[in-house]
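1. Sequence first, predicted coordinates after that:
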Amino acid sequence: MGSSQGSQHRKGSRQDMEDQNPSEEMIWPQTLRHMFLNDRLYKLVPFLLRKYQKKEQVTMEEMLHIVDRDYREHFPVIFRDFCECMCAGFGIDVKEVDAPGHAYELVPLLGLTYKGLLNDDSESFLQISVLIVILTVIFIKGNTASEEEIAEVLRMRKILAQRDNIAIGEPWKFITVDLVRERYLEYQQIPNSYPDRYEFLWGPRAHAETSKMKLLEHLARLHRRDPKSYPILYDEAWREEQDRVRAPELGSWSPWSWSFPKLHQ
């Protein structure tokens with residue numbers, strides 16, 4: 001046998017769901033497809049991700065300083081689309097907290113910190129944009145995803161990159177080395193496979209920082225659907241939430257404690 005019967009049965013039962021599994025189009029929502037089309041907004045992404053990791057607020061003035069001076073007049077309209085892209089691509093809500101001062105908080109919708117993944121390379125944020133997608137694929141495939149299934153996700157991302165003329169570095173190294181090193185993913189041989197085949201699972205850090213319910217709610221929110229419209233996935237996510245209530249300590253990893261400084265009155 002190429003893999004364990006239990007794993008095949010679990011995956012097969014999900015593939016039999018009618019209108020339950022998010023489609024490929026849902027995994028790569030339309031807003032995310034246009035995330036990097038605008039060069040002026042493209043410059044904002046690494047800037048905001050660093051603000052996010054430092055748990056700092058950001059002002060409209062700071063953002064306008066990043067974009068081209070001759071583009072400022074049109075920025076407020078484009079900025080709304082950009083916020084949708086930050087939500088879709090990174091699970092970050094850009095929320096205004098001081099209208100007169102035009103100050104914003106970067107609120108974690110999924111809890112993912114991306115700590116250790118964003119470096120001085122300005123292109124690194126392009127790679128971490130696949131993390132949510134990979135975790136989602138693992139969830140809907142039955143809590144494991146084969147190399148072939150993840151490669152298909154990368155193939156879709158590569159097509160997007162080619163169309164949008166953006167580079168994504170070495171995605172396979174990023175997934176099998178960087179995400180494994182940072183414990184977002186586990187990468188292991190499929191039992192009894194010959195020739196050797198490998199699969200991915202959520203790592204302990206993914207379990208600590210986010211949850212199946214958060215991912216499902218995020219996916220449903222992007223497509224204006226109720227999470228319960230995916231009953232099998234919802235039931236599994238709900239059971240995980242109940243387990244978390246009974247056993248809140250999930251290993252040594254723990255999410256950030258998010259507390260933003262109050263604005264001066």
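-> Done, it's in.

2. wait, is D93 part of a strand?
-> Yes. Remark: D93 belongs to a strand, assigned using DSSP: H, G, I helix; E, B strand; the rest coil.

3. Identify the nearest residue to it in space, disregarding sequence-adjacent positions?
-> In this structure, D93 finds its nearest non-sequential neighbour in V107, 4.2 Å apart by C-beta to C-beta, 6 or more residues apart in numbering. All C-beta atoms are positioned from the backbone trio N, CA, C, and that covers glycine.

4. what about the one you found, distance to V58?
-> According to C-beta to C-beta, to the nearest Å, V107 and V58 sit 12 Å apart.

5. Same question for N192.
-> To V58, N192 is 51 Å away according to C-beta to C-beta.

6. Settle it for me: which of the two has more neighbours?
-> In this view N192 and V58 are compared by other C-beta atoms under 10 Å, and V58 has more residues nearby, 20 against 12.

7. okay but the more buried one is in contact with Y104, surely?
-> Yes. Between V58 and Y104 a contact is recorded at 5.3 Å, counting by C-beta atoms under 8 Å.

8. which ones are touching M60?
-> M60 makes contacts with H102, A103, Y104, as judged by C-beta atoms under 8 Å, 6 or more residues apart in numbering.

9. tell me the pLDDT at the closest residue to the first one other than its chain neighbours?
-> By that I understand H102. Distances taken as C-beta to C-beta, 6+ apart put M60 closest to H102, at 3.6 Å, once the chain neighbours are dropped. pLDDT recorded at M60 is 90.

10. And N119, by the same measure?
-> N119 is given a pLDDT of 73.

11. so it is in which element?
-> Under DSSP states H and E, no helix or strand contains N119.

12. The stretch 101-250 of the chain: helices as residue ranges?
-> Under the criterion DSSP state H, counting those that start in this stretch, the stretch 101-250 of the chain contains helices at 124-128, 131-140, 147-164, 171-173, 179-181, 204-209, 212-222, 231-246.

13. wait, which of those helices is closest to V97?
-> Nearest to V97 among the helices of the stretch 101-250 of the chain is helix 212-222 (20.5 Å), distances taken as C-beta to C-beta.

14. For the closest one, list every residue counted as buried.
-> Using 16 or more other C-beta atoms under 10 Å as the test for burial, helix 212-222 gives K212, M213, K214, L215, L216, E217, H218, L219, A220, L222.

15. what does stretch 74-89 give?
-> Neighbour counts over stretch 74-89 (16+ other C-beta under 10 Å) mark F75, F79, F82, C83, E84, C85, M86, C87, A88, G89 as buried.

16. out of those, which are inside helices?
-> Counting by DSSP state H, the buried residues of stretch 74-89 place F75, F79, F82, C83, E84, C85, M86, C87, A88, G89 in helices.

17. The residues you listed into TSV, with extra columns for pLDDT and distance to I232?
-> As requested, these are arranged in TSV below (pLDDT from 0 to 100; distance: C-beta to C-beta, whole Å):
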residue	pLDDT	distance to I232
F75	79	43
F79	83	38
F82	82	34
C83	86	31
E84	82	28
C85	80	29
M86	86	29
C87	86	25
A88	83	24
G89	83	26
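
18. tell me which of those residues is nearest to E147?
-> E147 has its nearest neighbour among these in G89, at 23.6 Å by C-beta to C-beta.

19. could you measure the closest one against E186, distance?
-> According to C-beta to C-beta, G89 stands 23 Å off from E186.

20. Can you give me the separation between the residue nearest to H102 and E73?
-> According to C-beta to C-beta, M60 and E73 sit 13 Å apart.

21. Do I have it right that W238 meets M213?
-> Yes. With contact defined as C-beta under 8 Å, W238 counts as touching M213 (6.8 Å).

22. returning to what we had before: kindly reformat the buried residues of stretch 74-89 as TSV and extend each row with distance to L131.
-> Output for the buried residues of stretch 74-89, formatted as TSV (distance: C-beta to C-beta, whole Å):
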residue	distance to L131
F75	28
F79	24
F82	20
C83	19
E84	18
C85	15
M86	14
C87	15
A88	13
G89	10
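
23. I'm done for today, thanks for sticking with me.
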